[in-house]
Structure formats: C-alpha cells, structure tokens
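Student: Below is the sequence, then the predicted model.
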Amino acid sequence: MSRIRLTMAQALLKFLDQQYISVDGVETKFVKGVMGIFGHGNVTGIGEALERSAGELQYIQGKNEQGMVHSAAAYAKQTNRKQIYACTSSIGPGALNMVTAAATATVNRIPVLLLPGDNFASRQPDPVLQQLEDSGDYTVSATDCFKPVSKYWDRIIRPEQLMSAAVQAMRVLTNPAETGAVTLALPQDVQAEAYDYPESFFSKRVHYVDRCSPAPAALLRAVELMKGKKNPLIMAGGGVLYSEAAGELLEFAETFGIPVAETQAGKSVISWRHPLSVGGVGVTGTLAANRLAQQADLIIGVGTRYSDFTTSSKSAFENTEVQFLNINVNGLDASKLNGVSLIADSREGLNALREALSAVQYRSAYANGDILALKEQWDAEVDRLYALENEQGLTQTRALGVINRAIGSSAVIVCAAGSLPGDLHRVWRCEEPKTYHMEYGFSCMGYEVSGAFGAALAEPNREVYALVGDGSYLMLHSEIVTSLQEGTKFTVLLFDNHGYQCIHNLQRGHGSDGFGNEFRYRDAETGRLTGSYMPIDFAAHARSMGVKTYKAGTAEQLEEALRQAKEETVTTLIEIPVLPGTNTGGYESWWNVGVPEVSASGKVVSAHKEMKNRIEQIHLF
C-alpha cells in the first residue's frame, strides 16, 4: 500500500478537497473552501497548509469568527446543503467566537465544518497563551464548549486519528437527518505533526444522498388517519426546499384541495399568488393561516421541526380533534406533537402519500370559496399595510412594500432577528422558491449581514439583500469588509428604529413600561436610559469601510435608492429611518413568554393572570 507523508493539517485539506455529494445522480464538490482567521492556534498548521497545499479549496479571510460561520451556514442553506465551507480559528477566544454560530447551524439543520485550534496535545509548553485550565480535569479546553452545539465532535490528538474522524465528520455533514455543526478540534502541535497516510485516504469520495421513501406500513397509517379528516392544513417547512420538493408539494395540495401555510424556513415554497397559499403561520402568521389552523382537524407538517412560533406555543389549534401527520427525514421532528410519523424525504413522502390517497379518492371538505375568501381578505390587509402612511415618518410596513415591489421576484432577502422576521413572514410576497432566506431557528442577531454575504457567494447571479435592524447591525457587520475584499456584492437595507424595538414591544405588551431596549442617552435626573435618541449615522459608518451608501426617509427616496443600488457593483447600504412601533402584530396569534407572578406593577400581575388563563385553555402538551 503506497503512502504519502503529510502533516495532519495538510492531510485534512487534501481529504476535504476530494469530497463530493451526489443527489439525484448529480455530483457536486462538497467542500468549496475554507473561511478562517489565523492565530497562534492554527496559523502554522492549517494556515501553512492552506498557503502551500490547499488544492482547489478557496480560502476566504473572515473578519469575525462568528460572522464567518454564519456566512458558511448561509452558503450551505442557499445551496440546499449541497456545498459547504469549513471554518478555522485559533484557540481560546477565536474558537469560542464560533460557538454561537455553531448552535445556529445545528438548530437549523445546516451543515458547517468547524476546525478550531486547541491546546498542545503534548502539554509540553502548558499553559499556553489563551489556554483554558480546569484544575479538576486537565483534558478540558475551550473547544469542549462545542460539544452541546455539534452533531459530531472529535479532538484529533494523534495525526493518524484524522482518518476515522474525517470520515465520521463527512457522514454527519452529508446526512439530511443528522446534519448540523461538526467540530474537529485540532491541537496546534498535532496540526504540524507528520504521518505516513495511505494514498487511498485521499481518493475521491462520493457521498450519496439517497432519498428516503416511507415504509409501507407507515404509509397505510397515514392514509387511515387522513381518510377521516375533512379540514387539513399543510405546514411547509425548510425540508421542502432542501428536498427541492416545491413542485411536489404544490401538486399534492392541488390534488386534494388543501391550503398551504409556511414556516419561516419554508416560506417561498409556493407563490403568494396561488389560491391555496395562505402565508405564514403561528405567532408571526397571517390571519388566513391562523384561522385555518384554529379550525383544522389535521396538520400535515412537511419538513418542519415545528417551534413555539410555528404553533403559537401550541395554542394555534383550537379543534379538540386535531391530529398531526409529520413527513420528515428526522425521527425526532417526525414524532413531535404526538404525530403520526411518516419518516421520508419530503419529495418521496409527498409523492407516495399523494398516490395512496388518490387510490382511496380522498378529498378535503373545504367549501367552495372558503380558502379563497380568507386569502383575499388577507391580501387586502397586506395592501393596506404596504400603503400605510404616517405624517411623522416612514412606517416599517410601507418600507417593506416599496422594497418588495422594487427588488424583483428573483432577488433573495436575508433576515434573522428583531421585528422584521414577523413582518416579513406575514406580508412579504414571494413568487419564486429560495428567495426568502430567514434564519429563525435560533433567530440569531448578527446573522443578517454575514448571511447575506454567504447567500451572495452561493447565488452570484442574483441580487441579495440583508434586511437588518440597527440593533443587529451594531452587533455584527464585519463581513461587509469581506464582501468588498471578495468582490461579492449584496445590499444592506438597514432599518433604523432606535433600538431593540421588537423586545420593547414585547415588554410593553406584558405590563412593562419599557426598559433598557431603546438607544437613548442616560437621563441625568432619573439615572435611566430615557434621554433623547442617540443620533447614529449608519451610512457614514458603512461608507468608511468602502461601502456605497444611501439614506431614504420617504417611500419615494427609498424607491430611488433601491434603483441606484441595483446599479452599484460593490456592497451597498441603504439607511432607512422607520417609526418605532410600526411593525405588525397579533392576527389571532399568541406567544407564551412567561410573565412574573409577583411584581410591584399591577399591570404585570394582570398580564401574568392572562397568560396563565391562556395556558390552561391549551389542549396540546
């Protein structure tokens, strides 16, 4: 058996460069490249290997470790999990900066490969700079923090261990049912140690994603369940998009006359114009979808992990006869809400169930025009919100209406946190799949700008827009510089509403007078942050980094700025001052957030009683 002598880091890159994924007979190079920030924990290991022997792997220089992992996750999400970037950091703070983004990827079932540096395996120079020491367990290091947020975790303390660890990492990354963050902790001395690796380890490997078909017995159970149901509602999740099953979902819905509601991850699977499309569901849902959920006797969850937002903390379903049928490749997700599980790829599951239901001549019992009447009522409400004027300034929903019409049906929007996800889920009108990129599994502030860079890398022929609040922008905007460095353009639409207004609204809706959520100066008399708003010039800040910038305080200015931004060739930012509190809310939804039972405020105590009464009415646990 022929062998080749390489350092562990060199061998890792050589291995990654030969990984491919095959879906429906189409092969794709799985690892596009490596995003990294170098430090003493990786610069002389992986850094040297990337410099001298990266093969075809592209290196992208990150500016913040969390941001670059968000970018890698967004890239994988936008490519339907068919291609990834690995991410490398030094030890200590560099590694720990990736933990939040690792959790974001895992919660959203998105593959990312993390390669943090680690302490010396030899322990000869311990404790080294940035080393975390545990007096009771000297094997503990900062990279142990990745264990609870990773779907696979390993530490390579001998160079030959790479061979089994790398194969296991690929197994998880390419498995739709298991995927998420994978962490290979790399001690800085081991990265540079050499070993005689078998050349066969570096042969081309193709990871076949075979679509999982439902078991015949499970299919029979699903048909028996549906035969007795008259008013089903489809909840389409992100798995429909990853499975590229939008067409199959539409055919299923049309065959049986079933309305389609969308989760945040599933939005864009069906055009808003379709008569069976009722929009987002749950806490951030439309009135049409939420009313149908209240009446439904069956929820068909396709490729969704559910969440308290999707189910309105399980209060969305008022029909005491409601049951759940869950089509999912992941057994955990398929079993939720005591549902009948149909463990299958979304495309295969929908096709098999459609054929089986057609054989028994199933049809929903919605009266003619019922679904369309709800849809038309909601469409009129969106028109109203899009046209909403306020003499004091630009409303958030008016701004979204201008943007929705101006950017075109094939543009991709990216968002994650604040009040914007609620408004977008309700009122954004998608016409094409994969144009709505929302990270709402973790709703991680700071994802927006980094995610837009990743989406733009994945979709270089589409216009990509980051819709971000001022709070999220301040938290993490550094990958703007990376986009300029890489010549990868996207447009940041920065909604300036003077703070964390989403949570400010949540506070006041549950008895608070509002505390600590607006960007105000400290008042000299009260000692609290109740002074005037802080005048932050976001456009000037972005311009200092080399970004093209515009400001738009009216609908007309915004429309013109969007037109000009399309013509720009580099990353662009439009600062959009919007009136606080002009976001959407309600529409017969509810969210359990836990309100204090005891408080000096009577309003808070009253809000607690209302919350408790609502919980007692829920029949699903």
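Tutor: On my side now, so go ahead.
Student: residues touching the spatially closest residue to K204 that is not a sequence neighbour, list them.
Tutor: Spatial nearest neighbour of K204, excluding adjacent residues (C-beta to C-beta, 6 or more residues apart in numbering): Q18 at 5.0 Å. Placement of C-beta: from N, CA and C, glycine included. Contacts for Q18 (C-beta atoms under 8 Å, 6 or more residues apart in numbering) come out as F202, S203, K204, R205.
Student: for these, which one is nearest D470?
Tutor: Nearest to D470 among those is R205, at 45.5 Å by C-beta to C-beta.
Student: Spit out the contact partners of the closest one.
Tutor: So R205 contacts Q18, Q19, Y20, M170 (C-beta under 8 Å, 6+ apart).
Student: what do you get for V206?
Tutor: Per C-beta under 8 Å, 6+ apart, neighbours of V206: Y20, I21, S22, E27.
Student: in a strand, that's where the first one is, yeah?
Tutor: Yes - with DSSP: H, G, I helix; E, B strand; the rest coil as the criterion, Y20 is assigned to a strand.
Student: What backbone torsions are found at the nearest residue in space to it that is not next to it in sequence?
Tutor: In this structure, Y20 finds its nearest non-sequential neighbour in V206, 4.7 Å apart by C-beta to C-beta, 6+ apart. Per-residue torsions, V206: phi -110, psi 120 (degrees, to the nearest 10).
Student: quick one on the thing from earlier: model confidence at the residue nearest to K204, what's the number?
Tutor: Note on Q18: pLDDT of 98.
Student: Next one: it from S141, what distance?
Tutor: 30 Å (C-beta to C-beta, to the nearest Å).
Student: Let me see the backbone angles for A95.
Tutor: phi -70, psi -50.
Student: nearest spatial neighbour of it, skipping sequence neighbours?
Tutor: Per C-beta to C-beta, 6+ apart, closest to A95 is P116, 3.6 Å.
Student: Now for the one you found, how many residues are close by?
Tutor: Other residues lying near P116 total 30 when counted by other C-beta atoms under 10 Å.
Student: My guess is it contacts A185. True?
Tutor: Yes - between P116 and A185 there is a contact under C-beta atoms under 8 Å: 5.8 Å.
Student: got any residues that touch both of the two?
Tutor: With C-beta under 8 Å, 6+ apart as the test, P116 and A185 both reach T143, F146.
Student: out of the contacts of Q18, which are buried?
Tutor: F202, R205 (16 or more other C-beta atoms under 10 Å).
Student: any chance of the contacts of Q18 in JSON lines, with pLDDT too?
Tutor: Converted to JSON lines, those look like this (pLDDT from 0 to 100):
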{"residue": "F202", "pLDDT": "98"}
{"residue": "S203", "pLDDT": "97"}
{"residue": "K204", "pLDDT": "98"}
{"residue": "R205", "pLDDT": "98"}
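Student: Quickly name whichever of the contacts of Q18 is closest to K267.
Tutor: In terms of C-beta to C-beta, no member of those lies closer to K267 than R205, at 34.6 Å.
Student: separation between that closest one and Y20?
Tutor: R205 is 7 Å from Y20, by C-beta to C-beta.
Student: One more: A359?
Tutor: Distance from A359 to Y20, counting by C-beta to C-beta: 39 Å.
Student: now N108
Tutor: In terms of C-beta to C-beta, N108 sits 24 Å off from Y20.
Student: out of the two, which sits in the busier spot?
Tutor: Neighbours per residue, other C-beta under 10 Å: of N108 and Y20, the larger number sits with N108, 23 against 16.
Student: Stretch 427-442: which residues count as buried?
Tutor: Neighbour-count burial for stretch 427-442 [16+ other C-beta under 10 Å]: 427-430, 433-442.
Student: now the strands for the stretch 151-300 of the chain?
Tutor: 152-155, 181-187, 194-198, 205-209, 232-236, 260-262, 277-280, 298-302 (DSSP state E, counting those that start in this stretch).
Student: Residues in contact with the first one: which ones?
Tutor: Contacts made with strand 152-155 from outside it, assessed by C-beta under 8 Å, 6+ apart, are listed as 118, 143, 146-147, 161, 165, 168-169, 171-172, 182-185, 187.
Student: Need the nearest residue in space to H437, chain neighbours excluded.
Tutor: Nearest to H437 is V414, by C-beta to C-beta, 6+ apart, at 4.5 Å.
Student: returning to what we had before: would a markdown table of the buried residues of stretch 427-442 with secondary structure and distance to G257 be doable?
Tutor: Below are these laid out as a markdown table (DSSP: H, G, I helix; E, B strand; the rest coil; distance: C-beta to C-beta, whole Å):
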| residue | secondary structure | distance to G257 |
| --- | --- | --- |
| V427 | helix | 26 |
| W428 | coil | 25 |
| R429 | coil | 23 |
| C430 | coil | 22 |
| P433 | coil | 22 |
| K434 | coil | 26 |
| T435 | coil | 26 |
| Y436 | strand | 25 |
| H437 | strand | 30 |
| M438 | strand | 28 |
| E439 | coil | 33 |
| Y440 | coil | 29 |
| G441 | coil | 31 |
| F442 | coil | 35 |
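Student: domains in the protein, as residue ranges please.
Tutor: 3-209, 216-374, 387-498+534-577 (automatic domain parsing).
Student: Nearest to A607 among these would be which one?
Tutor: Per C-beta to C-beta, nearest to A607 of the domains of the chain: domain 216-374, 15.0 Å.
Student: so how far is C415 from the residue positioned nearest the centre of the chain?
Tutor: Centroid check for the chain by C-alpha atoms, centre = their mean gives E439 as the closest residue, at 2.3 Å. Distance from E439 to C415, counting by C-beta to C-beta: 8 Å.
Student: Likewise for I576?
Tutor: The value you get for I576 to C415, if C-beta to C-beta is used, is 14 Å.
Student: So for L357, what's the pLDDT?
Tutor: As predicted, L357 sits at a pLDDT of 98.
Student: Compute the number of surrounding residues for it.
Tutor: Applying other C-beta under 10 Å, I find that L357 has 19 neighbouring residues.
Student: Ramachandran coordinates for it?
Tutor: According to degrees, to the nearest 10, L357 has phi -70, psi -40.
Student: wait, isn't it in contact with V223?
Tutor: Yes - counting by C-beta under 8 Å, V223 is a contact partner of L357 at 6.1 Å.
Student: State the number of residues packed around the nearest residue to K63 once chain neighbours are set aside.
Tutor: Among residues not flanking K63 along the chain, S478 sits closest, at 3.8 Å (C-beta to C-beta, 6+ apart). A count of nearby residues for S478, using other C-beta under 10 Å, gives 17.
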